[in-house]
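Peer 1: Pasting a predicted model and its sequence here:
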Amino acid sequence: MSGHSKFANIKHKKEKNDAAKGKVFTIIGREIAVAVKEGGPDPANNSKLRDVIAKAKANNMPNDTIERGIKKAAGDANSVNYEYVSYEGYGPNGTAIIVDALTDNKNRTAANVRNAFTKGGGNVGTQGCVSFMFDKKGQIIVAKEDYDKEADELMMTALDAGADDFNEEEDSYEIITEPDIFSEVRQQLEDAGVPMASAEVTMIPQTWVELTDEEDIKKLQKTLDLLDEDDDVQQVYHNWDE
């Protein structure tokens, strides 16, 4: 239906890639640590932790790994303190890139992110230079292979829970919410037994940039690969129409 729906497809396929699991588990482990430090170890009283646990399960993180992460964050007052940092910049042909990181060393992370942009022929800009080109939304992906009911039933369940939009893709359904009610919508879908391939607050491009020059494509891919290899980097958003 809407232009951003192809993002759902790309993301769904990427998160099914086993090669990326180690990185995904590292990302989620840090998010668990931050959620516990901010709101405590009991998911019943910590909606942020509930959301991270749901994300962990959607990515097939074992329950004992999740529980170990919660216990470690709750019991170790001297554990590493991570803080959120965000960078914005441009890749080839004006592509917009946003990088979210969780780090215990902002200087190291800033240097690594700048290096990734530079090696791909881009540059880091000031805060706000590209984020206005994205909408912050809650996004829930349901794989068709995991959901055995009719699309209309899922759409009504999602809209009744407060979702803004529903899109049907070739292999998945995408549910969009406002960020401030994402946790509530996700919980209602979970209570209704809806299996979620991914569920998170994300940045969805308002428009997409097509790259036709092979060199531009190689450069942008270089930047994205370097960012993906950096353990501090949690999420990378861009408006390249792959």
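Peer 2: That came through, no problem. Numbering: from 1, shown residues only.
Peer 1: Show me what counts as buried in the helix or strand hosting R114.
Peer 2: Here R114, judged by DSSP states H and E, is contained in helix 106-119. Applying a neighbour-count criterion of 16 or more other Cβ atoms under 10 Å, one finds 109-110, 112-113, 116-117 buried in helix 106-119. Using the backbone N, CA and C atoms, a C-beta is placed for each residue, glycine as well.
Peer 1: same check, this time on stretch 93-105
Peer 2: 93, 95-103.
Peer 1: between those, which is nearest L224?
Peer 2: Closest approach to L224 among the buried residues of stretch 93-105 (Cβ to Cβ): I97, at 8.1 Å.
Peer 1: And the nearest residue to that closest one once chain neighbours are set aside, what's its pLDDT?
Peer 2: Leaving aside its sequence neighbours, I97 sits nearest to H238 (Cβ to Cβ, 6 or more residues apart in numbering; 4.7 Å). pLDDT recorded at H238 is 95.
Peer 1: just checking, H238 touches G94?
Peer 2: No. Using Cβ atoms under 8 Å, H238 is not in contact with G94; the gap is 11.3 Å.
Peer 1: longest single strand anywhere in the chain?
Peer 2: strand 134-143 (DSSP state E).
Peer 1: for that strand, what is the average pLDDT?
Peer 2: 94.
Peer 1: and what of stretch 21-38?
Peer 2: For stretch 21-38, mean pLDDT rounds to 88.
Peer 1: number of nearby residues for T212?
Peer 2: 7 (other Cβ atoms under 10 Å).
Peer 1: Okay, it and L226: tell me how far apart.
Peer 2: As for T212, its distance to L226 is 23 Å (criterion: Cβ to Cβ, to the nearest Å).
Peer 1: L154 too?
Peer 2: 37 Å.
Peer 1: so who does G128 touch?
Peer 2: E88 (Cβ atoms under 8 Å, 6 or more residues apart in numbering).
Peer 1: Next, it: secondary structure please.
Peer 2: coil (DSSP: H, G, I helix; E, B strand; the rest coil).
Peer 1: Report the buried residues of the longest helix belonging to the chain.
Peer 2: Assignment by DSSP state H gives helix 21-39 as the longest helix of the chain. Judged by neighbour count (16+ other Cβ under 10 Å), helix 21-39 contains these buried residues: 24-25, 27-36.
Peer 1: Same check on stretch 232-242?
Peer 2: Buried-residue list, stretch 232-242, by 16+ other Cβ under 10 Å: 232-240.
Peer 1: Out of the residues you listed, which is nearest to L220?
Peer 2: For the buried residues of stretch 232-242, the nearest to L220 is W240 (6.0 Å; Cβ to Cβ).
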